[in-house]
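In: Sequence and predicted structure, then a few things I'm wondering about:
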Amino acid sequence: MQKSDPKRVRQEVPRRKLLVVRGVVQGVGFRPFVYRLALEEGLAGSIGNDTGGVTIEIEGPAERVEAFRRRLEAEAPPLSRIDSIAVREAPATGGTSFQIIASEAAGHVNTGIPADAATCADCLRELLDPNDRRYRYLFLNCTNCGPRYTITRSIPYDRPQTSMARFTMCPACQAEYEDPADRRFHAQPNACPLCGPRVWLVASDGVEIPADDPVTAAIDRLTAGEILAIKGIGGFHLAVDATNEFAVMRLRDRKHRYGKPLAVMVRDLEAARELCVVTPQEEELLLTVARPIVLARKRTGCGIAPSVAPGIPWLGVFLPYAPLQHLFFADPRVRALVMTSANLSEEPIAIDNDEAVARLSEIADTFLMHDREILQRCDDSVMALVDGAPQLIRRARGFVPLGVPLSPQVSESGSPPLLAVGGHLKNVFALARGRFVYQSQHLGDLENLTGLEFFREALAHLMHTFEIESEVVVHDLHPGYLSTSWAKEWAAERNLPLIAGQHHHAHVAGCMAEHGVELAIGLALDGTGYGTDGTIWGGEVLIARLDGFDRFAHLDYVPMPGGEAAIHEPYRMAIGHLHAAGFDVGSPELLDLLGCKEPQVRILRRMIDRGLNAPLTSSLGRLFDAVAALVLGRGVVDYEAQAAIELEGAAVDEPDDSGSGYPLELFPGDWSARKPATISAKPLWKELVENLHAGVGKSRIAARFHAGVASAFIRAAKSAQENTGIEKVALSGGCLHNRRLARLLRTGLEDEGFQVFQHRAVSPGDGGLSYGQAAVAAARLGYRASS
Ligand SMILES: [Zn+2]
Ligand SMILES: [Zn+2]
Ligand SMILES: [Zn+2]
């Protein structure tokens, strides 16, 4: 008896399957990819966008369908992200062709607009190929790369909704756009020199400078030491030659920014390695499609002007991500460029041509303009490798508006549509719905109307993008934040309920929500945040649930003489701490160490003694400030967290040596009576000042300080565990940007048997706060979606 070939039998019975794909699968070349895949596997069926992603129907021999299913995930386009694939059997129809179905938007949109992506290798090859029709064309892109979020007005993500609408595609571009087999099929910003945007040069008075080749003319000016304002993807950059100290100082003088480190763009990885010691993980970060600025260890004598990143051992480096930037670096004269957001101190980045000339004519010598309008301001994102894992310091271009999932533990059905407005400094708001939180780009400090205007503009855009109509508004507990008063007003106008979230609980809840932790000991190590007792918190050990918390322990309160002013002038915090530790702050030796005059100190002491304008704080960030003021003489800061960053930098070459820490004392509280334990820094100051007098090196003192702080909080966590039995610790707050502290805490806690959780997809600092606020609100509302 002859056996039939089982393969043949299966081939004769066509199978049809319905695949519902969720994730980032629209506007990223997913449909042409699926089309090609179906053709290669000889399958019939269709693909269409739906409101939550794409739906694919596929029909053919079972093993072909299986191969298709496998390759769908394995070979998905670089900008796509598959969150889930639901597969259903369907009756075969006998169809023989594969079609891309035109889509209609209906219902909720969960895919929105993709993030901006760096020029891909294929486009880069065309850019530098003299025989290509897009040779040296500054606006080339394809479905795998190019601007997205920043050029889109509203959904659906189609050309008429982008700032490319005014450019009519030439026949060649149109043919690419319509060909499912082409890399530019439905690439919305598709363009070429014949039909797309152009660049030109403008003097600081706004008058065009004639130039046959504006890019080369711009490079001539840069190499001559000029400050160039360059219109980019998410806004204007101010650029100078990073190897020219005079040019960098001129930029600093004109921007009135002296301390804040400036980011440097270099040609490629090799060039980055010349400037910094780049680890393989950092190389990976540099090459991600978001092309973030990566903080890496600076090499001494690397040729970068000293005033690019004064006082710290790191340099923010990044690689070109737009064709224009690639062309700059194709010129051998360009080695490294300072590329900093074009704005006046904390104002939002400039995006409009006329706005740029009006706002920047006092800073830039020349402007390189283009006529592709930027519709969403977006700074460059900043990342660092912290304790072996990538961490977001500023989440903006390349990440926005990608959603970050909320773990199912937050609430069974996710979050109701809500708006979380974030905090005060480094504001980022978030919209949430269901399983996802959509954070805005970094908006800067919400201190004035310009900042608020940017907030409103970005909110309107993001609400529209995801069609989220908030049903709840979440804000920080701080009554004085502009974000709080704005939230109250906005909610009142719409008759929406408000939820106030305690700052440090939101930090910790964010970390828990990322990892699906429902109950944890939360270490919120931060700058400032309003506490439930009206003081300023920031060195907190919380017993945290997603919907609430108890305060188990905190750094002992010290006065902040002058309130807010103490944040900008760390010497005030040193006086507050030293006074609290029993030192005579008017003594000549302390005055000498702090670089203060006696009358100055007398005023501050009076504030403290009378309790006038000297609010109490348990902030760890302020303790870092105080130590930096005394040890490094950093009495006044030029940018937020400068003192703490320099203190971390001072210790960079010291071994971790966790046993060598300065002593901090843990005073037990009464857990059952809800009386928190306190961690006193007094003994730390005694030993630190002795070390200073004994001439111990600053790097050693800085290292001992970090080790002492880490071990004090580990002891507090241990005590919390003994009281509650909780063995999970969530680390959050701005101090977790500190590599040494993050490392010491994680290793020390693990040695004590804790399971440690750190932020991955959102920032531990205030840039991640709105994600945590959304998690807290979703958990409190215990949302049950109707569908
Ligand atoms: Zn491309
Ligand atoms: Zn064209
Ligand atoms: Zn904070």
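Out: Here it is on my side, so go on. Ligands and ions are numbered 1, 2, ... in the order given.
In: I'd like the distance between residue 691 and residue 741.
Out: Using Cβ to Cβ, to the nearest Å, residue 691 is found at 19 Å from residue 741. Yep, even glycine has a C-beta here, placed from its N, CA and C like the rest.
In: the more surrounded of these two?
Out: Neighbours per residue, other Cβ atoms under 10 Å: of residue 691 and residue 741, the larger number sits with residue 741, 26 against 18.
In: so which helix or strand takes in the more buried one?
Out: For residue 741, the host element (DSSP states H and E) is helix 739-751.
In: Up against ligand 2, what does the stretch 51-200 of the chain have?
Out: 170, 173, 192, 194, 195 (Cβ under 5 Å from the ion).
In: Near the fourth one, how many other residues are there?
Out: So the one you mean is residue 194. Neighbours around residue 194, by other Cβ under 10 Å: 13.
In: now swap in the second one and tell me
Out: Around residue 173 there are 21 other residues, counting by other Cβ under 10 Å.
In: Could you do residue 669 as well?
Out: Neighbours around residue 669, by other Cβ under 10 Å: 18.
In: ok, now residue 51?
Out: The burial count for residue 51: 16, using other Cβ under 10 Å.
In: what's the pLDDT at it?
Out: pLDDT, residue 51: 72.
In: mind checking how far it is from residue 465?
Out: 13 Å.
In: Residue 721 now?
Out: Using Cβ to Cβ, one obtains 43 Å as the distance from residue 721 to residue 465.
In: how about the residue of the stretch 501-650 of the chain found nearest ligand 1, what does it touch?
Out: Proximity of the stretch 501-650 of the chain to ligand 1 (Cβ to the ion) peaks at residue 514, 31.3 Å away. Contacts here follow Cβ atoms under 8 Å, 6 or more residues apart in numbering; on that basis residue 514 touches 404, 407, 757, 759, 760, 761, 762, 771.
In: By neighbours, which of those residues wins?
Out: Of the contacts of residue 514, with other Cβ under 10 Å as the count, residue 771 tops at 31 neighbours.
In: Quick one: classify it as helix, strand or coil.
Out: State at residue 771, reduced to three classes by DSSP: H, G, I helix; E, B strand; the rest coil: helix.
In: more crowded one of residue 721 and residue 465?
Out: residue 465 (23 against 19).
In: Near ligand 3, which residues of this protein? Just list them.
Out: 526, 529, 766.
In: and of those residues, the nearest to residue 562?
Out: Of all those, residue 562 sits closest to residue 529, with 18.6 Å by Cβ to Cβ.
In: is the closest one in a bridge, and if so with what?
Out: Taking DSSP bridges as the rule, residue 529 bridges to residue 537.
In: and what of residue 367?
Out: Listed by DSSP bridges, the beta-bridge partners for residue 367 are residue 202, residue 229.
In: If you count neighbours, what's buried in the helix or strand containing residue 69?
Out: In the assignment (DSSP H and E), residue 69 maps to helix 62-74. Using 16 or more other Cβ atoms under 10 Å as the test for burial, helix 62-74 gives 64, 65, 67, 68, 69, 72.
In: What of stretch 503-520?
Out: 503-515, 517, 519-520.
In: From those, pick the one nearest residue 234.
Out: The closest of these, once distances to residue 234 are taken by Cβ to Cβ, is residue 510, at 24.5 Å.
In: Verify the contact between residue 570 and residue 621 for me.
Out: No - with contact defined as Cβ atoms under 8 Å, residue 570 does not count as touching residue 621 (10.0 Å).
In: shouldn't residue 458 be in contact with residue 378?
Out: No - checked against Cβ under 8 Å, the pair residue 458 and residue 378 is beyond contact range at 9.2 Å.
In: Give the residues shared as contacts by these two.
Out: In contact with both residue 458 and residue 378: residue 441, using Cβ under 8 Å, 6+ apart.
In: Chain neighbours aside, what residue packs nearest to the residue of the stretch 551-700 of the chain found nearest ligand 3?
Out: Residue nearest to ligand 3 within the stretch 551-700 of the chain: residue 621 (8.4 Å; Cβ to the ion). Nearest residue to residue 621, sequence neighbours excluded (Cβ to Cβ, 6 or more residues apart in numbering): residue 527, at 3.5 Å.
In: Which elements pack onto the strand or helix carrying the one you found?
Out: Per DSSP H and E: residue 527 is located in strand 519-530. Contacts defined by 3 or more Cβ pairs under 8 Å, 6 or more residues apart in numbering; DSSP states H and E place strand 519-530 against helix 503-515, strand 536-545, helix 620-632, helix 698-724, strand 728-732.
In: how about the CA coordinates for it, as CSV?
Out: What follows is strand 519-530 as a C-alpha-only set of coordinates in CSV (Å, rounded to 0.1, in the frame of the first residue of the first chain):
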residue,chain,number,x,y,z
LEU,A,519,3.2,46.2,47.1
ALA,A,520,6.8,47.4,47.7
ILE,A,521,9.1,49.3,49.9
GLY,A,522,9.6,52.4,47.9
LEU,A,523,12.7,54.4,48.2
ALA,A,524,11.9,57.8,46.8
LEU,A,525,15.2,59.7,46.6
ASP,A,526,14.6,63.0,45.1
GLY,A,527,15.0,66.8,45.0
THR,A,528,11.8,68.3,46.2
GLY,A,529,8.1,67.3,46.4
TYR,A,530,5.3,68.4,48.6
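In: residue contacts, the spatially closest residue to residue 525 that is not a sequence neighbour?
Out: Spatial nearest neighbour of residue 525, chain neighbours left out: residue 735 (3.8 Å); criterion: Cβ to Cβ, 6+ apart. Contact analysis of residue 735 by Cβ under 8 Å, 6+ apart lists 525, 526, 527, 620, 621, 624, 644, 741.
In: What is the nearest of those to residue 215?
Out: Closest to residue 215, out of all of those and judged by Cβ to Cβ, is residue 644, at 40.4 Å.
In: Spell out the secondary structure type for the closest one.
Out: The three-state label given to residue 644 by three-state DSSP is helix.
In: Who are the contact partners of it?
Out: Here residue 644 is in contact with 621, 624, 625, 628, 735, 738 (criterion: Cβ under 8 Å, 6+ apart).
In: With mean pLDDT as extra columns, can I get the helices and strands packed on strand 519-530 in a markdown table?
Out: Written out in a markdown table, the entries for these read as follows (pLDDT from 0 to 100):
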| stretch | mean pLDDT |
| --- | --- |
| helix 503-515 | 98 |
| strand 536-545 | 98 |
| helix 620-632 | 97 |
| helix 698-724 | 98 |
| strand 728-732 | 98 |
